[in-house]
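S.K.: Build the 3D model from these lines:
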Amino acid sequence: MTIAIKVNSGEGLSAYLADYQANFSASGWGGFNSWNPMATSGSQYAQGEGSVFNAGDTSKRGFVAEGALEYTLFSAPAHTLYGQLDSLSLGHGLSGVSDRTLNSEEFTISGLNLSADQAAGRDGVVHKVLYGLMKPNNAVDGNQGVQHLIDVLDAQQLDVSGGAGDDLLHGYSQNDTLSGGAGNDTFEFGLLNGAGSFGNDTITDYHSGDVIRLAGVDQTGSSVSNGNLTISTTGGTITVNGVTDVNDVSIISA
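M.R.: Coordinates of the predicted model:
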């Protein structure tokens, strides 16, 4: 299974999630895409800072989850989200009711393909990921918060792509593919876990103005094979397609 992450931000998903974990605050719970505030199912489930109805205020963070989602309310196991979680959008300015959207959608994670039945209760992966976003600092959850989502991303190969701007893209723990698109992008490796490892990653479209940033790992060598440059580090390898000289890429340490 490959999860796709679309990035439209120079902040980067890692920094966004760290800030979200530290500062996200919402009153009450999220809501489904329904005018009925007591709805317990829907194709979307969303939460925004302050209130789920924060009217597109782009100073406030939020998320929109899509799939076939359900909520037990008071039925055992009480207050549990379950069903199928296909995608997540993260950003600022949650708006809409019957169609939940973000006015500033900075990260879209698709292909999650996460499912849990009602019997799994709060141990189900769907509940853990969404509850972690709703209540990132909650003792009931051990204050795990966004770590549940990060664990999902770390467990799968990722296809990470940027947009038209200057974006920051990360390599996670598996063998990921990163495509910056237009703009002067930063490809960062080694930041996201204590071990500093990130797998054997590939950059598909490096061009002048882009930067490869090594965070907590050191470069140990480089080689060229089949017209592609491979950079070896203490955390993994980075293959840069279409580049044959290490001097043609900008590598910095963080």
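
S.K.: Spit out the contact partners of Tyr172.
M.R.: By Cβ atoms under 8 Å, 6 or more residues apart in numbering, the contact list for Tyr172 reads Leu153, Asp154, Leu158, Leu192, Phe198, Gly199. To be clear about C-beta, it is placed using only N, CA and C from the backbone, and glycine gets the same treatment.

S.K.: quick one: it from Arg122, how far?
M.R.: Separation of Tyr172 from Arg122 (Cβ to Cβ, to the nearest Å): 25 Å.

S.K.: ranking the contacts of Tyr172 by neighbours, who comes first?
M.R.: Within the contacts of Tyr172, most neighbours by other Cβ atoms under 10 Å means Phe198, with 29 neighbours.

S.K.: wait, Leu88 sits on Val64?
M.R.: Yes: look at Leu88 against Val64 with Cβ atoms under 8 Å: they come within range, at 7.3 Å.

S.K.: wait, Gly171 sits on Phe198?
M.R.: Yes: Gly171 is in contact with Phe198 according to Cβ under 8 Å; the separation is 4.3 Å.

S.K.: how close does Trp35 get to Asp151?
M.R.: Computed as Cβ to Cβ, the Trp35 to Asp151 distance reads 34 Å.

S.K.: cool, Ser89 as well?
M.R.: Noted for Ser89: a distance of 19 Å to Asp151, by Cβ to Cβ.

S.K.: between the two, who's got more neighbours?
M.R.: Per other Cβ under 10 Å, whichever of Ser89 and Asp151 has more neighbours is Ser89, with 22 against 15.

S.K.: That one touches Gly48, doesn't it?
M.R.: No: under the criterion of Cβ under 8 Å, Ser89 is not in contact with Gly48, lying 11.7 Å apart.

S.K.: any residues in contact with both of the two?
M.R.: Common neighbours of Ser89 and Gly48, using Cβ under 8 Å, 6+ apart, are Phe63.

S.K.: For the strand ranked longest in the chain, C-alpha coordinates in PDB please.
M.R.: Ranked by number of residues, the top strand in the chain under DSSP state E is strand 81-95. What follows is strand 81-95 as a C-alpha-only set of coordinates in PDB (Å, rounded to 0.1, in the frame of the first residue of the first chain):
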ATOM      1  CA  LEU A  81     -15.200   6.600  16.100                       C
ATOM      2  CA  TYR A  82     -15.000   3.700  13.700                       C
ATOM      3  CA  GLY A  83     -15.500   2.600  10.100                       C
ATOM      4  CA  GLN A  84     -13.400   3.400   7.100                       C
ATOM      5  CA  LEU A  85     -10.900   6.300   7.000                       C
ATOM      6  CA  ASP A  86      -9.600   7.000   3.400                       C
ATOM      7  CA  SER A  87      -8.100  10.500   3.600                       C
ATOM      8  CA  LEU A  88      -7.200  13.400   5.800                       C
ATOM      9  CA  SER A  89      -6.900  17.100   4.900                       C
ATOM     10  CA  LEU A  90      -5.000  19.400   7.400                       C
ATOM     11  CA  GLY A  91      -4.700  23.100   7.400                       C
ATOM     12  CA  HIS A  92      -6.500  26.200   8.600                       C
ATOM     13  CA  GLY A  93      -9.900  27.700   8.300                       C
ATOM     14  CA  LEU A  94     -12.500  25.000   8.600                       C
ATOM     15  CA  SER A  95     -15.800  25.900   7.000                       C
END
